[in-house]
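[1] Structure for this input, please:
(one chain, ligands or ions: 2)
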Amino acid sequence: MILIKIGGSVFSDKRGEPENFRTDVVEEIARELAEFYPDEKFVIVHGGGSFGHHYAKEYSIREGLSGSWGIDSWRRLGFSLTHQSMLRANSKFVEIFTDHNLPGFSISTSSLFITERGEILYADIEVIEKLLELDFIPILFGDVSVDVAQGIDILSGDQIMAYLTKMLKPKKAIFLMDVDGIYDGKPGEGTLIPELAREEVPALLERLHCTAAGTDVTGGICNKLRKAYEMAHYSEVWFVNGKVPGRLSGAIRGDGFGTRLR
Ligand SMILES: Nc1ncnc2c1ncn2[C@@H]1O[C@H](COP(=O)(O)OP(=O)(O)OP(=O)(O)O)[C@@H](O)[C@H]1O
Ligand SMILES: C=C(C)CCOP(=O)(O)O
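    Residues are numbered from 1 along each chain as shown. Ligands and ions are numbered 1, 2, ... in the order given. The predicted structure is shown next:
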């Protein structure tokens, strides 16, 4: 099984209009997956992009429930609206997958996962395992979450990737991004790293200023790299450009252009 995260920056313009969706990009991803399926099994996780992040920010979901009825009544509505927005993104993926004869099946993340300050505390993944046995392609997504510490929070697709890698032990985990891979510095300024050893990640995090007190509250490349560091215990991890046709296929075959972490 191969686990793939389709980054929010790949299927939408995060700085653009709310709920913009790059149909052509996702269609190309589906076309490439259809070349490998059913010989290869897949689990897909997609990010929030221009869908969930917009509502999550507007209703400050990451701050959780406060204990004040006024604020919480408003935030509960935001929690629901954020989830509905993610369902709209998710249904676009399922439609495109099924149009390409791929049995993509929607899994509502917030119904399976419980978090503690945004980190996964518990998840019931039996249904995902069963769907895989039955040759479905489960499609999960970054979502809102019920959180034991603060009532509600946001669960990032990158956290889900790390959890599923640990539990399902895919032969490969692939992050599709809107840049060519991991750079030693800012994309466009630093150089692309084609091969990265797990032991090199802590030093790279320091060079990228991803210290514990860093500013990546909602994720970004620092969170992605930290999660990939955990994942590399169990699986090879790839970072490739999901907007360039052929790059996903290259990562699936193992001869692709991007960053390979082992
Ligand atoms: N050293 C770096 N190497 C690679 N990307 C970097 C680096 N530093 C910053 N970035 C930025 O990180 C972004 C990818 O992180 P981001 O969290 O936006 O990914 P995503 O998975 O597409 O989004 P989402 O979390 O919404 O699903 C890239 O667009 C890139 O510009
Ligand atoms: C904002 C929401 C609801 C999901 C966040 O998931 P991510 O884009 O993978 O970090």
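[2] Run a quick neighbour tally on residue 123.
    When neighbours are counted by other Cβ atoms under 10 Å, residue 123 registers 17. All C-beta spots, glycine's among them, are computed from the backbone N, C-alpha and C.
[3] That one is in contact with residue 166, isn't it?
    No - the pair residue 123 / residue 166 is not scored as a contact, 10.5 Å apart, by Cβ atoms under 8 Å.
[4] what does the stretch 101-250 of the chain have sitting close to ligand 1?
    Within the stretch 101-250 of the chain, the residues that sit near ligand 1 (Cβ under 6 Å from any ligand atom) are 157, 177-179, 182-183, 186-187, 190, 208, 219-221, 224.
[5] now with 5 Å?
    Taking Cβ under 5 Å from any ligand atom as the measure of proximity, the stretch 101-250 of the chain contacts ligand 1 at 177, 178, 179, 182, 183, 187, 219, 220, 221.
[6] Can you tell me the closest non-neighbouring residue to the closest residue to ligand 2 within the stretch 151-262 of the chain?
    Across the stretch 151-262 of the chain, no residue is closer to ligand 2 than residue 157, which sits at 2.9 Å (Cβ to the nearest ligand atom). Leaving aside its sequence neighbours, residue 157 sits nearest to residue 142 (Cβ to Cβ, 6 or more residues apart in numbering; 3.7 Å).
[7] Please give the number of neighbouring residues around the one you found.
    When neighbours are counted by other Cβ under 10 Å, residue 142 comes out with 29.
[8] Phi, psi for it please.
    phi -60, psi 140 (degrees, to the nearest 10).
[9] Assess the claim that it and residue 156 are in contact.
    Yes - between residue 142 and residue 156 there is a contact at 5.0 Å, judged by Cβ under 8 Å.
[10] what is in contact with these two at once?
    residue 47 (Cβ atoms under 8 Å, 6 or more residues apart in numbering).
[11] which residues does the most centrally placed residue in the chain contact?
    Centrality entry for the chain: nearest residue to the mean C-alpha point is residue 157, 3.1 Å, by Cα atoms, centre = their mean. By Cβ under 8 Å, 6+ apart, the contact set of residue 157 is 5, 7, 8, 45, 46, 47, 48, 140, 141, 142.
[12] a markdown table for the residues you listed, including secondary structure, pLDDT and distance to residue 128?
    Output for those, formatted as a markdown table (DSSP: H, G, I helix; E, B strand; the rest coil; pLDDT from 0 to 100; distance: Cβ to Cβ, whole Å):
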| residue | secondary structure | pLDDT | distance to residue 128 |
| --- | --- | --- | --- |
| 5 | strand | 98 | 15 |
| 7 | coil | 97 | 20 |
| 8 | helix | 95 | 21 |
| 45 | strand | 98 | 11 |
| 46 | strand | 98 | 15 |
| 47 | coil | 96 | 18 |
| 48 | coil | 96 | 20 |
| 140 | strand | 98 | 8 |
| 141 | strand | 98 | 13 |
| 142 | coil | 97 | 16 |
